[in-house]
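A.B. asks: Take this sequence and fold it.
(one chain, ligands or ions: 1)
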Amino acid sequence: MEHVILDVDTGIDDALAIAYAFRSSELNVLGITTGFGNVSEKEATRNTLQVLDVLGLEHEIPVIAGADKPLSGVHIKGKSTHIHGEDGLGNCGLPLSKRRPLSTEAANFIISKVKELPHQVTLIAVGPQTNLATAIKKDPEIVNLVKRVVVMGGAVTVPGNVTPNAEANIYADPEAASVVFESGIPVTLVGLDVTMQTLLRNEVVNEWSSVKSAYSDFLQTICNSYIGAYHQFDSSLGGCALHDPLAVGVVIDPSFVKTVPMCVGVDLGKGDTFGKTYEVQQGKANIEVCLDIDVDRFVSHFLQRVI
Ligand SMILES: [Ca+2]
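C.D. replies: Sure, this is the predicted structure:
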């Protein structure tokens, strides 16, 4: 079983990634660290606790609040309510959870778990990388102890989504992404290069209505909201992309994707290409970049596990 920490900014696809992880026996989720991104850090923590409730998990799952702003201290990107709804979960109306986050900070939790289980912890980061970068800055020794980081973020060979050049998780804190990429930790980048191919189709979600449970209702609500948001931008898509679940999928079964080692840089300048992930020609490869995906096999696996 793979020990993982999920680092999330819980919007809709984070919720799907959390469900996928907990319903996959290959993974042992040590805890969930939260931060700003799709929503504020406080909302991400609230949403994460609510998702654990709706998943029906009876045991305690450590949830640890983290960064409320990027390393620079200044928010560049706003919340993504136009994609994820006002509450970040498709305005699903879940009641507040009685679960509570741990009183420690996300970076401290990451450091302590990595030291407790050296070379065994995989971090699945599906929001801005601020918590991980903060952990690295606080205790640089961990770079030799983390097994691997799988980042949902970036767009190395394709256009961005928040700007023509930049993907949302990287754009929200490019400095943090740069710290992680240059840390020496083995990084796998699950970017828009592959995630935009992983469509969850409208007709598949409609089939779920035959299943009657609070969990199934929740999935339908958030996915219909997410598909609706995608439709606003591109009515030809007929579905929504499974960005964050693919990062979980790559840990469960690396053969879903093909990766290419590359030297990837992050544009920290203040121009139009701010937050862009790009291949540094003739640089030493620091990242395994996912460039190809077996879409049907991944989406089927995700659906079998989550529904
Ligand atoms: Ca996310």
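
A.B. asks: Just give me how far stretch 146-159 sits from the chain centre.
C.D. replies: Mean C-alpha position of stretch 146-159 versus that of the full chain (CA atoms, centre = their mean, to the nearest Å) differs by 10 Å.

A.B. asks: Tell me the span between the first and last residue of it.
C.D. replies: 30 Å (CA to CA, to the nearest Å).

A.B. asks: The chain should start at 57 in everything you say after this.
C.D. replies: Yep, numbering from 57; the last one is stretch 202-215 now.

A.B. asks: Run the contact check for that stretch versus the ion.
C.D. replies: No. Residues of stretch 202-215 are not located near the ion by CB under 5 Å from the ion, the shortest gap being 6.5 Å. From N, CA and C alone the C-beta is placed, and that goes for glycine too.

A.B. asks: In that stretch, which residues are buried?
C.D. replies: Of the residues in stretch 202-215, those scored as buried under the neighbour-count criterion (16 or more other CB atoms under 10 Å) are 202-214.

A.B. asks: Give the rounded mean pLDDT of that stretch.
C.D. replies: Rounded to a whole number, the mean pLDDT of stretch 202-215 is 98.

A.B. asks: for the ion, what are the nearby residues on this structure?
C.D. replies: With the criterion set to CB under 5 Å from the ion, the chain comes near the ion through 65, 70, 182-183, 300.

A.B. asks: export the residues you listed to JSON lines and tack on pLDDT and neighbour count?
C.D. replies: Compiled in JSON lines, the residues of the chain next to the ion are given as follows (pLDDT from 0 to 100; neighbours: other CB atoms under 10 Å):
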{"residue": "65", "pLDDT": "98", "neighbour count": "33"}
{"residue": "70", "pLDDT": "98", "neighbour count": "32"}
{"residue": "182", "pLDDT": "98", "neighbour count": "28"}
{"residue": "183", "pLDDT": "98", "neighbour count": "33"}
{"residue": "300", "pLDDT": "98", "neighbour count": "31"}
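
A.B. asks: so what's the residue positioned nearest the centre of the chain up against?
C.D. replies: Central residue check for the chain by CA atoms, centre = their mean: the C-alpha nearest the mean position is that of residue 182, 1.5 Å away. Contact criterion CB atoms under 8 Å, 6 or more residues apart in numbering gives 62-65, 69-70, 73, 207-208, 225, 299-300, 303-304 as the residues in contact with residue 182.

A.B. asks: ok, back up a step: which member of the residues of the chain next to the ion is positioned nearest residue 245?
C.D. replies: Closest to residue 245 out of the residues of the chain next to the ion is residue 182 (12.2 Å), distances taken as CB to CB.

A.B. asks: Skipping its backbone neighbours, what lies nearest the closest one in space?
C.D. replies: Using CB to CB, 6 or more residues apart in numbering and skipping the chain neighbours, the partner closest in space to residue 182 is residue 300 (3.9 Å).

A.B. asks: likewise residue 312?
C.D. replies: Taking CB to CB, 6+ apart as the measure, residue 312 lies nearest to residue 354, with 4.4 Å between them; neighbours along the chain are not counted.

A.B. asks: got a list of what that neighbour touches?
C.D. replies: By CB under 8 Å, 6+ apart, the residues touching residue 354 are 254, 298, 302, 305, 312-313.

A.B. asks: tell me the secondary structure for the residue of the stretch 257-363 of the chain found nearest the ion?
C.D. replies: Nearest residue of the stretch 257-363 of the chain to the ion: residue 300, at 4.8 Å (CB to the ion). Taken by DSSP: H, G, I helix; E, B strand; the rest coil, the conformation at residue 300 corresponds to helix.

A.B. asks: wait, isn't it in contact with residue 70?
C.D. replies: Yes. Taking CB atoms under 8 Å as the contact criterion, residue 300 and residue 70 are neighbours in contact, 5.1 Å apart.
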